[in-house]
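J.: Have a look at this fold, sequence not included:
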């Protein structure tokens, strides 16, 4: 089956695979409700947000008409209510809703509505590719979601930071490993402008990450085959190397879980150092027969030598939408 791409996506015929880690910082457009918590009051436990109909996964964007862009702003507006009802603007499943809730005073006299919310995140991932003509990049191969709710973090703004790998927590059965990255807010190398199910996207401002690298043709979905392949990964310092893997299964382009292929790490060097695929390697480009075919996305928890990859076509389609 051949993937049908938009005309703009079809024009992308070659890209530079990178494989270098980056620090990722993102702030949300509003605050995302991670959990509803009971407030301990003089009259017992209460949760005004739950009673009013707020749900985990809601995005709080305003209180009494004031835009909410951080947890600090949310807490300030609730405190100013002095226990009077507040009008909360939320976004849920793409629709806007208005909810009225009455804050309650906790045991210290602070007014609360009983929500744990997130307004930002920071972590490490791997750059998949860049278009050398525009600096547009794709990374991760999956979206950045809030860990407790699984909701895609609504992006307000984001940045990429130069990163090196200081150490590796090796993966083992039942316990995924991870790259321990080191990055500084003073070394910004790009922007994050889109957070989607198929990865994060934006523009690189530091061409030194790719100016000495080679562009590869982009593979059609029908060209991906079971057999030998390579991934490019940065698992030590700032060095990117190629490691041998096997494509053990190719999924249909309409796979309900968004999988493009299953990989098995066969390179003994990588197995010794990481145990296979670890967190932080998401976005590592996959090459086969001289073409860019996809990006590593997930590890199998019960077998860290194996993981999934998204097809490159899906990332390009998202990038060019």
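T.: Happy to help now that I have it. Note that this is a predicted model, so its numbers are computed, not measured.
J.: Now do residue 239 against residue 277, distance only.
T.: Here the criterion is CB to CB, to the nearest Å. By it, residue 239 lies 18 Å from residue 277. Just so you know, the C-beta spots here come from the backbone N, C-alpha and C atoms, and that holds for glycine as well.
J.: These two - which one has more neighbours?
T.: The neighbour comparison of residue 239 against residue 277 (other CB atoms under 10 Å) goes to residue 277, with 31 against 12.
J.: Residue 198 versus that one, what's the distance?
T.: As it turns out, when the distance is counted by CB to CB, residue 277 lies 18 Å from residue 198.
J.: got it, and residue 139?
T.: Distance check for residue 139 against residue 198: by CB to CB, it reads 11 Å.
J.: Might one say that residue 40 is in contact with residue 110?
T.: No: counting by CB atoms under 8 Å, residue 40 does not reach residue 110; the two are 11.1 Å apart.
J.: So residue 139 and residue 198 - more neighbours on which side?
T.: A count of neighbours by other CB under 10 Å puts residue 139 above the other of residue 139 and residue 198, at 29 against 24.
J.: Now do the contacts for that one.
T.: With contacts defined as CB atoms under 8 Å, 6 or more residues apart in numbering, residue 139 is in contact with 22, 24, 125-128, 160, 199-201, 283.
J.: Out of those residues, the closest to residue 92 would be?
T.: For residue 92, the nearest member of these is residue 200. The distance, counting by CB to CB, is 23.0 Å.
J.: Beta-bridge partners for the closest one, please?
T.: Note on residue 200: beta-bridge partners residue 139, residue 195, judged by DSSP bridges.
J.: Test my guess that it contacts residue 190.
T.: No: using CB under 8 Å as the test, residue 200 is too far from residue 190 to be in contact (10.1 Å).
J.: buried stuff in stretch 236-248?
T.: When burial is assessed from 16 or more other CB atoms under 10 Å, stretch 236-248 yields the following buried residues: 236, 240, 243, 245-247.
J.: Now do the SS call for residue 222.
T.: With DSSP: H, G, I helix; E, B strand; the rest coil as the basis, the three-state label of residue 222 is helix.
J.: Leaving out chain neighbours, which residue sits closest to residue 36?
T.: Distance criterion CB to CB, 6 or more residues apart in numbering; nearest residue to residue 36, sequence neighbours excluded, is residue 50 at 4.7 Å.
J.: Following element in sequence after the strand or helix carrying the one you found, please.
T.: For residue 50, the host element (DSSP states H and E) is helix 48-52. The helix or strand immediately downstream of helix 48-52 is strand 59-63, counting by DSSP H and E.
J.: Show me how far that next one is from its chain's centre.
T.: 22 Å (CA atoms, centre = their mean, to the nearest Å).
J.: Give the next helix or strand downstream of that strand.
T.: Reading on from strand 59-63 to the C-terminus, the next helix or strand found by DSSP H and E is strand 66-67.
J.: From the contact counts, what lies against that next one?
T.: Helices and strands in packing contact with strand 66-67 are listed as helix 71-80; criterion 3 or more CB pairs under 8 Å, 6 or more residues apart in numbering; DSSP states H and E.
J.: for the helix it packs on, which positions count as buried?
T.: By 16+ other CB under 10 Å, the buried positions in helix 71-80 come out as 71, 73-75, 77-78.
J.: Show me the shaky parts of the protein.
T.: Counting by pLDDT under 70, the chain has low-confidence residues at 1-10.
J.: how does it look with 50?
T.: When the per-residue scores of the chain are filtered using pLDDT under 50, the ranges that remain are 1-5.
J.: before we move on, back to that, want to throw the buried residues of helix 71-80 into CSV with distance to residue 164?
T.: Formatted as CSV, the entries for the buried residues of helix 71-80 read as follows, by distance: CB to CB, whole Å:
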residue, distance to residue 164
71, 30
73, 34
74, 35
75, 36
77, 40
78, 41
